[in-house]
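S.K.: have a look at this prediction, sequence included:
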Amino acid sequence: MEKRTESILWSIALPGFSQMLNGRLFKGTVFIFLEVLINVQAKLNLVIIPSFHGDMQTAIDLTNYQWLMFYPCLYMFAMWDAYRDVGGGKYSSYAFIPFVAAAITSTIGVIYSPTLKLFGCLIGPIFLPILFLLIGFVLGLCIKVYLHKKNS
């Protein structure tokens, strides 16, 4: 498997894992510490269970949104950092844009997760930020391609 892909996949598993594997022990430890801190304070693991059972109101009630708002930015920054550490974006000064766009849109997803309904159903604090993250990442890729073509 390509090193960049492996790095991203380890970062998806847990922010900081990829940094540890790349020998960046201090940075990896900081990312893991922040992930655990935010996860516990936001009650993220408690929220995942009712979300997967379709009980979105319980998930919303359990969530500490003040802490959850930090999670998308930490998560995406750790992924970008891991990608960059293994040479990702070496040939493009715009390689960070999809990660930033995903962090912004995912945070917007967190903000609207208690109230936004799709097809008459609440999507909740787990799935709506993930959906917005995907939309933001694709939008960021489009912006990156546009800027790269414009400046080439």
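M.R.: Done, it's in.

S.K.: got the phi and psi for G120?
M.R.: phi 80, psi 0 (degrees, to the nearest 10).

S.K.: with M76 instead?
M.R.: Main-chain dihedrals, M76, degrees, to the nearest 10: phi -70, psi -30.

S.K.: now do the SS call for the closest residue to it other than its chain neighbours.
M.R.: Sequence neighbours aside, A103 is the residue nearest to M76 in space, at 3.8 Å (criterion: Cβ to Cβ, 6 or more residues apart in numbering). Bear in mind the C-beta positions are built from the backbone N, C-alpha and C, glycine included. Using DSSP: H, G, I helix; E, B strand; the rest coil, the structure places A103 in helix.

S.K.: so how many other residues sit close to M79?
M.R.: Using other Cβ atoms under 10 Å, M79 has 23 other residues around it.

S.K.: that should have said G87, apologies.
M.R.: Other residues within reach of G87, judged by other Cβ under 10 Å, total 11.

S.K.: pretty sure it contacts R4?
M.R.: Yes: contact status for G87 versus R4: in contact at 6.9 Å, counting by Cβ atoms under 8 Å.

S.K.: ok, Q41 to W67 distance?
M.R.: 4 Å (Cβ to Cβ, to the nearest Å).

S.K.: cool, L25 as well?
M.R.: 26 Å.

S.K.: give the contact list for T58.
M.R.: P50 (Cβ atoms under 8 Å, 6 or more residues apart in numbering).

S.K.: okay, and it sits in which element?
M.R.: According to DSSP states H and E, T58 maps onto helix 56-62.

S.K.: correct me if wrong: L14 contacts T29.
M.R.: No: applying Cβ under 8 Å, one finds L14 not in contact with T29, separated by 12.0 Å.

S.K.: compare these two (neighbour count), which wins?
M.R.: In this view L14 and T29 are compared by other Cβ under 10 Å, and L14 has more residues nearby, 17 against 13.

S.K.: look up how far F127 lies from the more buried one.
M.R.: 20 Å.

S.K.: for G88, same thing?
M.R.: 27 Å.

S.K.: same deal with V110?
M.R.: The gap separating V110 from F127 is 11 Å, by Cβ to Cβ.

S.K.: in stretch 117-132, which residues are buried?
M.R.: Using 16 or more other Cβ atoms under 10 Å as the test for burial, stretch 117-132 gives L122, I123, G124, P125, I126, F127, L128, P129, L131, F132.

S.K.: brilliant, that's me finished.
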